[in-house]
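> sequence unavailable; structure follows:
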């Protein structure tokens, strides 16, 4: 009998929050009806060892001695999935949809193992594990991609994506194809589909009149701790204040912070409505996750298997997107019933101010010439 031990030690990356349907204890994992997720997988045969080396360096004390993609004893191809999502969340449930799709359309071919709650790899460590061959599938964020694909930072910018339908049109079109190829080349990950994670809004401890970014001057706005998130908070006109997600509820209750930003499902899940009085519908970031597979695992599949796996990823993303949109549509009334004021500012003023801040920043230097116009033109 052959025994092996699997040791997994990771260093947590800057948090990207994900909505959940119950209050998370730790930073959650930063969902469409209008368009199905039809991203086409893009393959690469260039290993770019220097990029890979960078990935490995950022994974100090990362997973050791895990087996690479392999067949199980039953002759099935092993597909390990890691996500920080909690079981009740749509982008956790979508992995069951993914697994069910493969069991229907590729019966007996795959052994799909779903690991929720960051049980296999901590949030942000998934891309490195995939590059090492220790993980096959994950849903990765734009903020994680940006670390190795700087041009992807355009999707961490406020007001770059208009709405969930625009998000899908971008990533199922030529812009998505171009950027996903860069992801494949530089990260050794093939993107299969795009998931809507939510549209971020402002949630204030006390009611104030907010029409333009100047109305947020001096407001201590909690943001996740990475420089990209803090830049966004400041660009909105507030004073961005880093604070761990698990401390936000108490921070709002005691006045350590004046506000926080999250998609509406996260505000309900974490019960922030208990310690806040207003939601300002700034809609400043349409956030997403990208279902990706390690290139090593992808290339080991036959063309027929690749087609089935891509279809399963698109079905899973569509499930997430449809349900998340329906949930968001119901939450405004929920918050009003809880006594919160829900207001809409001058979105044109916010959009213009935030856009200027980004276009004058170092982030914009990494964007391909004309990319902003191409994104705006995506329909």
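Noted; the coordinates are in hand. Computed from a predicted structure; not experimentally measured.
> now this protein, which segments are flagged as low pLDDT?
Judged by pLDDT under 70, the chain has its weakly predicted residues at 1-74.
> which residues in it form helices?
Taking DSSP state H as the criterion, the chain carries its helices at 49-57, 90-105, 126-132, 142-146, 164-171, 174-187, 227-235, 248-254, 264-269, 295-299, 303-337, 347-359, 371-377.
> list the helices and strands the fourth one packs on?
Taking 3 or more C-beta pairs under 8 Å, 6 or more residues apart in numbering; DSSP states H and E as contact, the helices and strands that helix 142-146 lies on are helix 126-132, helix 227-235, strand 278-294. In this view, the C-beta of every residue, glycine as well, is placed from N, C-alpha and C.
> okay if I get the helices of the chain as TSV plus distance to residue 241 and mean neighbour count?
Shown next, in TSV, are those (distance: least, C-beta to C-beta, whole Å; neighbours: other C-beta atoms under 10 Å):
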stretch	distance to residue 241	mean neighbour count
helix 49-57	30	13
helix 90-105	27	20
helix 126-132	28	26
helix 142-146	18	23
helix 164-171	28	24
helix 174-187	31	20
helix 227-235	8	20
helix 248-254	9	17
helix 264-269	17	24
helix 295-299	39	20
helix 303-337	23	19
helix 347-359	18	17
helix 371-377	29	14
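> tell me which of the ones you listed lies nearest to residue 158.
Taking C-beta to C-beta as the measure, these were each checked against residue 158, and helix 347-359 came out nearest at 4.1 Å.
> what sits up against the closest one?
Applying C-beta atoms under 8 Å, 6 or more residues apart in numbering, the contact partners of helix 347-359 are 157-160, 211-213, 231-232, 234-237, 282-284, 364, 372.
> please, a PyMOL command that selects the buried ones among those residues?
Paste this into PyMOL to select the buried members of the contacts of helix 347-359, with burial taken from 16 or more other C-beta atoms under 10 Å:
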select buried, resi 157+158+159+160+213+231+232+234+235+236+237+282+283+284+364+372
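> sorry, back to before: can you redo the helices of the chain as TSV with distance to residue 277?
As requested, the helices of the chain are exported to TSV (distance: least, C-beta to C-beta, whole Å):
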stretch	distance to residue 277
helix 49-57	44
helix 90-105	28
helix 126-132	37
helix 142-146	29
helix 164-171	28
helix 174-187	39
helix 227-235	20
helix 248-254	10
helix 264-269	12
helix 295-299	48
helix 303-337	10
helix 347-359	20
helix 371-377	35
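> of all these, which one is nearest residue 120?
Of all these, helix 126-132 sits nearest to residue 120, with 8.1 Å by C-beta to C-beta.
> gap between the closest one and the chain center?
Counting by C-alpha atoms, centre = their mean, to the nearest Å, helix 126-132 is centred 16 Å from the centre of its parent chain.
> that one packs against which elements?
When contacts are defined as 3+ C-beta pairs under 8 Å, 6+ apart, helix 126-132 packs onto helix 49-57, strand 137-141, helix 142-146, helix 174-187, strand 189-204, strand 278-294.
> those: which one's closest to residue 260?
Of all the helices and strands packed on helix 126-132, strand 189-204 sits nearest to residue 260, with 5.3 Å by C-beta to C-beta.
> of all the residues in that closest one, which ones are buried?
By 16+ other C-beta under 10 Å, the buried positions in strand 189-204 come out as 189-204.
> which two of those have the greatest separation?
For those, the maximum inter-member distance is 41.2 Å, found between 190 and 204 (C-beta to C-beta).
> could you export the helices and strands packed on helix 126-132 as TSV, including distance to residue 87?
Listed next are the helices and strands packed on helix 126-132 as TSV, based on distance: least, C-beta to C-beta, whole Å:
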stretch	distance to residue 87
helix 49-57	29
strand 137-141	15
helix 142-146	22
helix 174-187	28
strand 189-204	17
strand 278-294	17
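> figure out which of these is closest to residue 80.
The closest of the helices and strands packed on helix 126-132 to residue 80 is strand 137-141. By C-beta to C-beta, the value is 7.0 Å.
> each with direction, which strands does that closest one pair with?
Looking at strand 137-141 with DSSP bridges, its paired strands and their directions are strand 77-82 (parallel), strand 278-294 (antiparallel).
> list the contacts of the closest residue to residue 112 other than its chain neighbours.
Nearest-residue entry for residue 112: residue 99, 4.2 Å, with adjacent residues in sequence omitted and distances by C-beta to C-beta, 6 or more residues apart in numbering. Applying C-beta under 8 Å, 6+ apart, one finds that residue 99 lies in contact with 112, 114, 312.
> cool, residue 213 as well?
Shown here is residue 213, whose contacts under the criterion C-beta under 8 Å, 6+ apart are 236, 237, 349, 350, 353, 354.
> ok, now with 10 Å
234-238, 282, 345-346, 349-350, 352-354, 357 (C-beta atoms under 10 Å, 6 or more residues apart in numbering).
> biggest separation within those, which pair?
The two members of the contacts of residue 213 with the most space between them (C-beta to C-beta) are 234 and 346, at 18.8 Å.
> sounds good, over and out.
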